[in-house]
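> can't give you the sequence, but here's the structure:
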DNA sequence: ATTACTAGTAAGCGAGTAT
DNA sequence: TATACTCGCTTACTAGTAA
């Protein structure tokens, strides 16, 4: 939908055209949008053609009401603004399954991690992680996570080496419960790692390059 | 501000550019908006020129952050949508003072009305009404009032005639307390009548054609 | 890979005007 | 009063391409 049409639809909605038929001329609407009567008229014709409004043409003015389709378009836009300014409790992505290099299995097998996953996340983690590549553009969304501390898994020592702390959030991968595991110190990469009680690859019949939906919950309790 | 620039600003905000500098190319942004890289680049230049964003040009991508001015523009738009979809507790107008034909004085002098104004509105009404003409386009806003019953003043008989019921809402006229008086049965006209404890014309030093701001409260209690 | 300029094309605009 | 058409003008778009 063209942005300038959405603007006019919004103007109509402000005048009550979602609830009622509103009596208004193309000139009056045009003035609200700081444009000409002709443009006002043209916008109305376009909105009409797209099924966003219905019009009853009177001899002088016209009665305009926003259709369900029009209301949906507005609601959609509203929701986008809402998610910008209101606190949300989740972040969602579309990701692509990729193969890791097997280190996930090594790390999740460490008792130091496994015990904390059990205790703090309530997840008896299946050995291995599911690696998911997200679109580069969505990396910016991950910044939202930075505002939240999430569930912290402490670093520990074992076998003469140090295993670093990680930051976790409860997540759903294609609607299956799990958690995202983020290294505590490091910039976000575009590969995300997930753990779960289930063998995600098997249970969701995933192979490399499959698209999956990810929801990350910002709340630390589930 | 041009609607298409606002769309891009919104897109940037969705990617977190209000809180952080966001790393993104003109091509990626363009894809989000279903347009070409060139247009993406041009939009960014325009937003930059208007002071809506600041950019740090890297050798490859660029770091973009929304300025306070840009955030204000988005917040503004958000508020417009909010007032469409969320219940509001008030309606506001800009109106123009006009002369009535003196009937206001006659009506408000009737004990049948005056006593009810006192009792139901808590207003010991100054004799007379202030007549305010609203822009024709704002008439549609009055429809919001129809959804609310307001404060009902009953009809009564006196001097062998019937005085009709009226519907009232607490109001502020240039920030001075009063109430709007609407005939119960009748379509809304573009002339609104206000009563107040004060002589509004004197107290606000109003003469005909002066612009005044009106806020009508939908709640029946003050 | 980027950004962003140029230039030719397409879309949008509004004065004039028919209805 | 209205709506909405035509048409000349302006703005916006993108392919090509330089940096």
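Alright, I've got the coordinates. Here the structure is a predicted model, which means the values were calculated and not measured.
> For chain B, see how far away the residue of chain A most remote from its centre is.
Ranked by distance from the centre of chain A (Cα atoms, centre = their mean), the top residue is residue A:59, with 47.1 Å. Distance, residue A:59 to chain B, using Cβ to the nearest Cβ, to the nearest Å: 17 Å. C-beta here means a position set from N, CA and C on the backbone, and glycine is covered the same way.
> pLDDT value on residue A:217, please?
At residue A:217, the model reports a pLDDT of 93.
> Next, the contact list for it, please.
Residue A:217 makes contact with A:89, A:90, A:169, A:170, A:171, A:172, according to Cβ atoms under 8 Å, 6 or more residues apart in numbering or on different chains.
> following the least confident helix or strand in chain A by mean pLDDT, which helix or strand comes up?
Within chain A, no helix or strand scores below helix A:143-146, which has a mean of 78 by mean pLDDT, DSSP states H and E. As assigned by DSSP states H and E, the chain's next helix or strand after helix A:143-146 is strand A:151-153.
> which residues are in contact with that following strand?
A:113, A:116-117, A:120-121, A:165-170, A:179, A:181, A:184, A:220.
> let's see 6 Å
A:116, A:120, A:165, A:166, A:168, A:220 (Cβ atoms under 6 Å, 6 or more residues apart in numbering or on different chains).
> Likewise for stretch A:114-128?
A:104, A:105, A:108, A:109, A:151, A:153, A:168, A:179, A:195, A:197, A:199.
> Could I get the buried residue list for that stretch?
A:114, A:116, A:117, A:121, A:123, A:125, A:126, A:128 (16 or more other Cβ atoms under 10 Å in any protein chain shown).
> One more: stretch A:134-151?
For stretch A:134-151, the neighbour count (16+ other Cβ under 10 Å) marks A:134, A:137-145, A:148, A:150-151 as buried.
> May I have the distance across that stretch, first residue to last?
Stretch A:134-151 stretches 22 Å from its first residue to its last (Cα to Cα, to the nearest Å).
> Rounded mean pLDDT for stretch A:165-179, please.
Stretch A:165-179 shows a mean pLDDT of 94 in the predicted model.
> could you give me the average pLDDT of stretch A:150-157?
For stretch A:150-157, mean pLDDT rounds to 94.
> buried ones in it?
Buried residues in stretch A:150-157, counted by 16+ other Cβ under 10 Å: A:150, A:151, A:153.
> if we can go back for a sec, for ChimeraX, write the selection for the buried entries among the contacts of stretch A:114-128.
For the buried members of the contacts of stretch A:114-128, the matching ChimeraX selection, counting by 16+ other Cβ under 10 Å, is:
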select /A:104,108,151,153,168,179,195,197
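> what does chain A have sitting close to DNA strand D?
Contact residues, chain A versus DNA strand D (Cβ under 7 Å from any atom of the strand): A:25, A:26, A:27, A:37, A:38, A:41, A:44, A:45, A:57, A:60, A:61, A:62.
> Quick one, which of those has the minimum pLDDT?
residue A:60 (73).
> if you skip the residues just before and after it, what's nearest to that one?
Of all residues not flanking residue A:60 in the chain, residue A:25 sits nearest, at 7.6 Å (Cβ to Cβ, 6 or more residues apart in numbering or on different chains).
> Now do the SS call for the closest residue to residue A:151 other than its chain neighbours.
For residue A:151, ignoring the flanking residues on the chain, the nearest one in space by Cβ to Cβ, 6+ apart is residue A:168 at 4.4 Å. Assigned by DSSP: H, G, I helix; E, B strand; the rest coil, the conformation of residue A:168 is strand.
> Show me the shaky parts of chain A.
Applying pLDDT under 70 to chain A flags no residue at all.
> Spell out, range by range, the helices that occur in it.
A:3-14, A:26-32, A:37-49, A:68-85, A:103-109, A:111-116, A:143-146, A:200-203 (DSSP state H).
> could the ones you listed go into JSON lines alongside distance to residue A:96?
Shown next, in JSON lines, are those (distance: least, Cβ to Cβ, whole Å):
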{"stretch": "helix A:3-14", "distance to residue A:96": "30"}
{"stretch": "helix A:26-32", "distance to residue A:96": "45"}
{"stretch": "helix A:37-49", "distance to residue A:96": "38"}
{"stretch": "helix A:68-85", "distance to residue A:96": "23"}
{"stretch": "helix A:103-109", "distance to residue A:96": "17"}
{"stretch": "helix A:111-116", "distance to residue A:96": "25"}
{"stretch": "helix A:143-146", "distance to residue A:96": "19"}
{"stretch": "helix A:200-203", "distance to residue A:96": "13"}
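> Between the two ends of stretch A:123-131, how far is it?
By Cα to Cα, the extent of stretch A:123-131 from end to end equals 18 Å.
> nearest to DNA strand C, of the residues of chain A next to DNA strand D?
The nearest member of the residues of chain A next to DNA strand D to DNA strand C, counting by Cβ to the nearest atom of the strand, is residue A:38 at 3.8 Å.
> can you tell me how far that closest one sits from residue A:29?
12 Å (Cβ to Cβ, to the nearest Å).
> which one of those two has more residues nearby?
Legend: neighbour count by other Cβ atoms under 10 Å in any protein chain shown for residue A:38 and residue A:29, higher for residue A:29 (24 against 11).
> how far away is the residue sitting nearest the centre point of chain A from residue A:215?
Compute the mean C-alpha point of chain A, and by Cα atoms, centre = their mean the closest residue is residue A:92, 3.8 Å away. For residue A:92, the distance to residue A:215 equals 5 Å [Cβ to Cβ].
> Residue A:100 too?
Per Cβ to Cβ, residue A:100 is found 21 Å from residue A:215.
> Hmm, residue A:68 and residue A:52 touching each other?
No. With contact defined as Cβ atoms under 6 Å, residue A:52 does not reach residue A:68; the gap is 9.7 Å.
> Give me the more crowded residue out of the two.
With neighbours defined as other Cβ under 10 Å, residue A:52 and residue A:68 compare such that residue A:52 has more, 24 against 10.
> Any chance of the helices of chain A in JSON lines with distance to DNA strand C as columns?
Converted to JSON lines, the helices of chain A look like this (distance: least, Cβ to the nearest atom of the strand, whole Å):
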{"stretch": "helix A:3-14", "distance to DNA strand C": "5"}
{"stretch": "helix A:26-32", "distance to DNA strand C": "7"}
{"stretch": "helix A:37-49", "distance to DNA strand C": "3"}
{"stretch": "helix A:68-85", "distance to DNA strand C": "16"}
{"stretch": "helix A:103-109", "distance to DNA strand C": "28"}
{"stretch": "helix A:111-116", "distance to DNA strand C": "35"}
{"stretch": "helix A:143-146", "distance to DNA strand C": "19"}
{"stretch": "helix A:200-203", "distance to DNA strand C": "30"}
